[in-house]
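Colleague: Quick check, what structure comes out for this input:
(one chain, ligands or ions: 1)
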Amino acid sequence: MNLRQIVAAVRNPKNEEDERTSNRRFPGKDCAWRTAVKFSGLRAKSQRKRSAVVTRRSRLVAGNWKMHGSRASNGALLQAVLAGLPRESGAEVVVCPPYPYLQQVSERLAGTSIAWGAQNLSEHGSGAYTGEVSAAMIKELGCRYVIVGHSERRTLYGETDAQVAAKFAAARAAGLTPIACVGETLAEREAGRTEEVVARQLHAMLEKADFGAAVLAYEPVWAIGTGRNATPGEAQAVHAFLRRQLSPDVRILYGGSVKAQNAAAIFAMPDVDGGLIGGASLAAGEFIEIVRAAQ
Ligand code: 13P
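Modeller: Here you go, the predicted model:
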């Protein structure tokens, strides 16, 4: 079965009703795609049961600081965010600083409601990999989360689907929660290939590890750092497509030019469970407003 057929199957769960057909299409006991399609069937059969599950998904807003910050500016930013966050925030909040600041951030955030994570990890456990950082090292710094497969890693550093999948599996094996990123370029969207691309990226990870309690982030490449966010409808369409391939309780974040001013409309979509925030996570006031919008 090629990728286009997989996409078609997930788009049209009716085709998967026959278990014998499903077995033929997805041979092997542990094929994640069989499980995915079963979830899709479950959705069709029991909408009520599914919505009961859906309401259990908690909101998550993660700030990806990318390669920004200094000890001084990080301290000021965290101070302002901690002071401004609503006491009873209904959304989980995470910040992902550059590696050298994880120690500082872990010391500042220990005992607060904000969790922290890394922006990348090595797929290897240890060894002669100059410049790399392992999942165990990240875990030792108290990280709960790690971003995997960000489009900047894919495009600027040539990370392949297979490498991203290995990183995803390494994070899962270490007990970290990956925030696994998928997203299409503008050319791929304009060619009508969005679903094919995000399915391929997700499929590569599902081949290597169960999705479990990992978080998925849909980040259209054309919306990152451009000020051009996906419309709420565009985001919802892709999120719904991705959700059909996963357990209904997987959290799916939207990322790409989320700001205080557009966050509420995007987060109001039924399959959007929060956001992965770049530039706006570096401004305390903006970030706090985005967290509020996620509640
Ligand atoms: P911006 O919010 O700056 O568009 O970045 C999004 C992003 O890449 C988060 O990972």
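Colleague: just for the stretch 1-150 of the chain, where's the confidence low?
Modeller: Scanning the stretch 1-150 of the chain for pLDDT under 70 picks out the ranges 1-55.
Colleague: For the ligand, what's its nearest residue on it.
Modeller: Of all residues in the stretch 1-150 of the chain, the one sitting closest to the ligand is N64 (3.7 Å; CB to the nearest ligand atom). Yep, even glycine has a C-beta here, placed from its N, CA and C like the rest.
Colleague: May I have the phi/psi pair for that residue?
Modeller: N64 has phi and psi values of phi -100, psi 100 when expressed as degrees, to the nearest 10.
Colleague: residue contacts, it?
Modeller: With contacts defined as CB atoms under 8 Å, 6 or more residues apart in numbering, N64 is in contact with 96, 119, 147, 150, 255, 276-278, 281.
Colleague: and L276, which of the three is it?
Modeller: Recorded secondary structure, L276: strand (DSSP: H, G, I helix; E, B strand; the rest coil).
Colleague: should've said A180
Modeller: Classification of A180 into helix, strand or coil gives strand, according to three-state DSSP.
Colleague: so it makes contact with V148?
Modeller: Yes: A180 sits in contact with V148 when judged by CB atoms under 8 Å, with a separation of 4.9 Å.
Colleague: neighbour count winner among these two?
Modeller: Neighbours around A180 and V148, counted as other CB atoms under 10 Å, are more numerous at V148. The numbers are 31 against 27.
Colleague: For that one, give me phi and psi.
Modeller: Dihedral angles of V148 (phi, psi; degrees, to the nearest 10) stand at phi -130, psi 130.
Colleague: Helices along the chain, start to end?
Modeller: Using DSSP state H, the helices of the chain run over 3-11, 19-25, 32-45, 47-54, 71-84, 102-109, 135-140, 151-156, 161-173, 186-190, 194-208, 232-243, 260-267, 284-293.
Colleague: buried sites along the shortest one?
Modeller: Under the neighbour-count criterion of 16 or more other CB atoms under 10 Å, helix 186-190 has 188-189 buried.
Colleague: Near the ligand, which residues of the stretch 1-150 of the chain? Just list them.
Modeller: 64, 150 (CB under 6 Å from any ligand atom).
Colleague: Try it again at 8 Å.
Modeller: On the criterion CB under 8 Å from any ligand atom, the ligand has as its neighbours in the stretch 1-150 of the chain the residues 62, 64, 66, 147, 150.
Colleague: Quickly check the residues you listed for the two that are furthest apart.
Modeller: Greatest spacing in these, by CB to CB: A62 and K66 (12.2 Å).
Colleague: And the residue of the protein that's closest to the ligand?
Modeller: Evaluated by CB to the nearest ligand atom, the chain has G278 as its residue closest to the ligand, separated by 2.2 Å.
Colleague: what's around that residue, how many residues?
Modeller: Here the count is done by other CB under 10 Å, and G278 has 21 residues near it.
Colleague: cool, and the one 4 residues further on?
Modeller: By the criterion of other CB under 10 Å, L282 has 19 neighbours.
Colleague: Can you give me every residue that contacts it?
Modeller: When contacts are counted by CB under 8 Å, 6+ apart, L282 is found next to 63, 65, 68-69, 77.
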